[in-house]
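# Need coordinates for the following:
(one chain, ligands or ions: 1)
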Amino acid sequence: MNKCTSCGAPIEIGCEKCPYCGTVTPYGEEKFRERESKLKDDERKKALENLPAMKFVANAFIPVLYVFTMGLYSVWWYAMRMKPLNSLGTKSKIPAWLVALFAVLFAGIFLMPPNLSDYTLSRVDDETAYTVYDIVLALVILSSGWLAFIARKVLQEHAANFMDKSQAVNSVAPSNVMLILFGAAYLQYQVNKMIKMNMFAPKI
Ligand SMILES: [Zn+2]
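A predicted model of the protein is given here:
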């Protein structure tokens, strides 16, 4: 038996309120807090369920993927993320033709027959000449950079639903240098960050 803190009446253990004066017991207060926090948890879970899902890749694993696939991860990333990113409802969209062009050019670098890749397209002088390989490589870098900038724009526009637009620009993939150098790997790192900020539901 406990005693009511207000009127001193005996109260059975497990009673949330004094049956005589209605004062909430310490046990009742604790139960109330438990219910409140469960309600908040449920709300959070529900909000998370309504979030668009994006694939989560462990941060430490991203550079490994990037290096071991010799950059092929980049092609894979745009091909796999294009659909979920384009269904976010943002104004900017990733053009499918650009992803396809990037994939074909990328494959070209590895699969080009030597007699074609060494074929000289334009000779500047006796020392400098551009081969087919040089041109394709330049186009790969160009298309991958272009894709990275569009994907960043999509992520920033999505983030702007949760925060101020200028804040979204400053917090989602803010480094141009990192974006150009690491493209898809840098973008996946941003997606991970946005999952932690509850802007995406994680898809493992
Ligand atoms: Zn009482």
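
# ok, now which ones touch residue 83?
Applying C-beta atoms under 8 Å, 6 or more residues apart in numbering to residue 83 gives no contacts. C-beta: built from backbone N, CA, C; applies to glycine.

# any idea of the mean pLDDT for stretch 172-187?
Stretch 172-187 carries an average pLDDT of 93.

# tell me which residues of it are tucked away?
172-173, 178-179, 182-187 (16 or more other C-beta atoms under 10 Å).

# my guess is residue 130 is in a strand, correct?
Yes: with DSSP: H, G, I helix; E, B strand; the rest coil as the criterion, residue 130 is assigned to a strand.

# what bridges to it?
residue 122 (DSSP bridges).

# what do you get for residue 55?
Using DSSP bridges, the beta-bridge partners of residue 55 come out as residue 203.

# quick check, distance from the helix or strand in which residue 188 is found to the centre of its chain.
Residue 188 is part of helix 176-196, with elements assigned from DSSP states H and E. Mean C-alpha position of helix 176-196 versus that of the full chain (C-alpha atoms, centre = their mean, to the nearest Å) differs by 8 Å.

# Same question for stretch 40-59.
12 Å.

# Report the mean confidence score over that stretch.
85.

# How is the chain partitioned into domains?
By the assignment in automatic domain parsing, the chain contains the domains 2-47, 57-203.

# Tell me where this structure is predicted with low confidence.
Low-confidence segments of the chain, defined by pLDDT under 70: 122-128.

# Around the ion, pick out the residues from it.
By the rule C-beta under 5 Å from the ion, the part of the chain lying against the ion is 4, 6-7, 9, 18, 20-21, 23.

# CA atoms of stretch 129-144 as PDB?
Provided in PDB are the C-alpha atoms of stretch 129-144 (Å, rounded to 0.1, in the frame of the first residue of the first chain):
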ATOM      1  CA  ALA A 129      46.900  14.000 -81.600                       C
ATOM      2  CA  TYR A 130      43.500  13.100 -80.300                       C
ATOM      3  CA  THR A 131      42.500   9.500 -80.700                       C
ATOM      4  CA  VAL A 132      39.000   8.000 -80.500                       C
ATOM      5  CA  TYR A 133      39.900   6.900 -77.000                       C
ATOM      6  CA  ASP A 134      40.700  10.400 -75.800                       C
ATOM      7  CA  ILE A 135      37.400  11.700 -77.200                       C
ATOM      8  CA  VAL A 136      35.300   8.900 -75.600                       C
ATOM      9  CA  LEU A 137      37.100   9.400 -72.200                       C
ATOM     10  CA  ALA A 138      36.400  13.100 -72.300                       C
ATOM     11  CA  LEU A 139      32.700  12.400 -73.100                       C
ATOM     12  CA  VAL A 140      32.600   9.900 -70.100                       C
ATOM     13  CA  ILE A 141      33.900  12.600 -67.800                       C
ATOM     14  CA  LEU A 142      31.600  15.200 -69.200                       C
ATOM     15  CA  SER A 143      28.400  13.000 -69.000                       C
ATOM     16  CA  SER A 144      29.300  11.800 -65.500                       C
END
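
# contacting residues around the spatially closest residue to residue 80 that is not a sequence neighbour?
Leaving aside its sequence neighbours, residue 80 sits nearest to residue 55 (C-beta to C-beta, 6 or more residues apart in numbering; 7.1 Å). Residues near residue 55 by C-beta under 8 Å, 6+ apart: 80-81, 84, 191, 203-204.
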